[in-house]
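Enquirer: from the sequence below, what's the structure:
(one chain, ligands or ions: 1)
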Amino acid sequence: MIWFGNVSKTYGKSGRPAVEGLQLSVERGEIFGFLGPNGAGKTTTIKMVTGILEPDAGEIEVDGISIVDHPVEAKRKIGYVPDGADPYPRLTGLEYLTFMADIHQVGADIRKQRIPEWVERFGMESAIGNLIDSYSRGMKQKISLIASMIHQPPVWILDEPMVGLDPRSSAILKEEMRRHSDRGNTVFFSTHVLEVAERLCDRLAILKEGRLVATGKLEQLRQGTGGDVADEQTLENLFLELTEG
Ligand SMILES: Nc1ncnc2c1ncn2[C@@H]1O[C@H](COP(=O)(O)OP(=O)(O)OP(=O)(O)O)[C@@H](O)[C@H]1O
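Expert: Numbers count the residues shown, from 1 in each chain. Here you go, the predicted model:
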């Protein structure tokens with residue numbers, strides 16, 4: 001699970017907070033979609049959960065562990081795929097996965113089984129011995145996805161994970177996200193693809209200018225905006241309504 005307790009962050013002396021008073025709990029066993037217009041604060045939030053940025057105020061816990069007070073322990077719980085993932089160009093795909101398995105102390109037997117399984121799943125067999133530098137945008141994304149799951153973390157955090165993926169890879173990723181949450185893990189991801197969020201997420205949050213404007217299941221979000229046609233409202237309509245102005 002991920003818990004945000006009144007989290008705020010302002011960059012430098014810009015004055016306007018990128019994230020302000022974020023209060024949110026993401027549970028085990030759920031896929032949680034984090035939505036919002038460009039510049040709303042999604043990546044900033046994700047960077048704070050993963051310990052890349054420190055909040056100015058508030059607390060964040062990953063599986064009950066404070067990312068600020070116990071960063072190493074908390075990071076062990078996380079698999080993270082950054083926005084526009086661009087891993088070490090001078091390593092081959094296999095070297096990179098082996099390196100990540102080493103960092104996470106994944107045992108030899110487990111990695112021998114897990115790496116080929118995931119590589120095959122994402123159709124990366126023929127490229128796995130090549131330098132990452134030679135990979136396409138989507139291939140870099142796929143190797144980052146595989147690397148993020150090498151230690152089967154209880155919390156999987158993905159920033160815009162569908163970008164660059166072909167339809168088959170995107171479908172496989174969605175299956176894997178569901179499989180991971182079905183096993184009682186937490187999946188937290190940002191996206192602009194509202195059709196994916198609508199179909200995949202158990203709950204959603206919409207962020208606007210650093211503040212939450214809606215949280216809950218899609219039906220709850222629909223009720224929140226009211227109206228007789230609420231049942232038929234697509235997430236796109238809701239999103240446009242909640243983030244306009
Ligand atoms: N390194 C930085 N230095 C200064 N300001 C930043 C920095 N990174 C982000 N910001 C600002 O913080 C705010 C939130 O940005 P963030 O990248 O978190 O938004 P986002 O919701 O992920 O946007 P997008 O959907 O475009 O990726 C924006 O106003 C942005 O300009």
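
Enquirer: my reading is that residue 153 lies in a strand. Confirm?
Expert: No. Residue state for residue 153 (DSSP: H, G, I helix; E, B strand; the rest coil) corresponds to coil; a strand is not indicated.

Enquirer: so it versus residue 80, what's the distance?
Expert: Applying C-beta to C-beta, to the nearest Å, one obtains 9 Å for the distance of residue 153 from residue 80. Glycine gets a C-beta too; all of them are placed from N, C-alpha and C.

Enquirer: pLDDT weak spots in the chain?
Expert: Scanning the chain with the threshold set as pLDDT under 70 gives 225-232.

Enquirer: how's it carved up into domains?
Expert: For the chain, the structural domains run 2-77+154-243, 85-152, going by automatic domain parsing.

Enquirer: up against the ligand, what does this protein have?
Expert: Contact residues (C-beta under 6 Å from any ligand atom) of the chain with the ligand: 11, 14, 18, 36, 38, 39, 40, 41, 42, 43, 44.

Enquirer: which among those residues count as buried?
Expert: Neighbour counting by 16 or more other C-beta atoms under 10 Å classes 18, 36, 40, 41, 42, 43, 44 among the residues of the chain next to the ligand as buried.

Enquirer: in JSON lines, list those residues along with secondary structure and distance to residue 106.
Expert: Listed next are these as JSON lines, based on DSSP: H, G, I helix; E, B strand; the rest coil; distance: C-beta to C-beta, whole Å:
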{"residue": "18", "secondary structure": "coil", "distance to residue 106": "34"}
{"residue": "36", "secondary structure": "coil", "distance to residue 106": "34"}
{"residue": "40", "secondary structure": "coil", "distance to residue 106": "35"}
{"residue": "41", "secondary structure": "coil", "distance to residue 106": "33"}
{"residue": "42", "secondary structure": "helix", "distance to residue 106": "29"}
{"residue": "43", "secondary structure": "helix", "distance to residue 106": "28"}
{"residue": "44", "secondary structure": "helix", "distance to residue 106": "30"}
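
Enquirer: now distance to residue 55 too, for those, in TSV please.
Expert: What follows is those, written out as TSV (distance: C-beta to C-beta, whole Å):
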residue	distance to residue 55
18	11
36	18
40	17
41	12
42	15
43	14
44	10
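
Enquirer: so which of those residues comes closest to residue 176?
Expert: Using C-beta to C-beta, residue 42 comes nearest to residue 176 of those, at 21.0 Å.

Enquirer: what about the strands in the protein?
Expert: With DSSP state E as the definition, the chain shows strands at residue ranges 2-9, 19-26, 31-35, 57-62, 65-66, 78-81, 155-159, 186-190, 203-208, 211-216.
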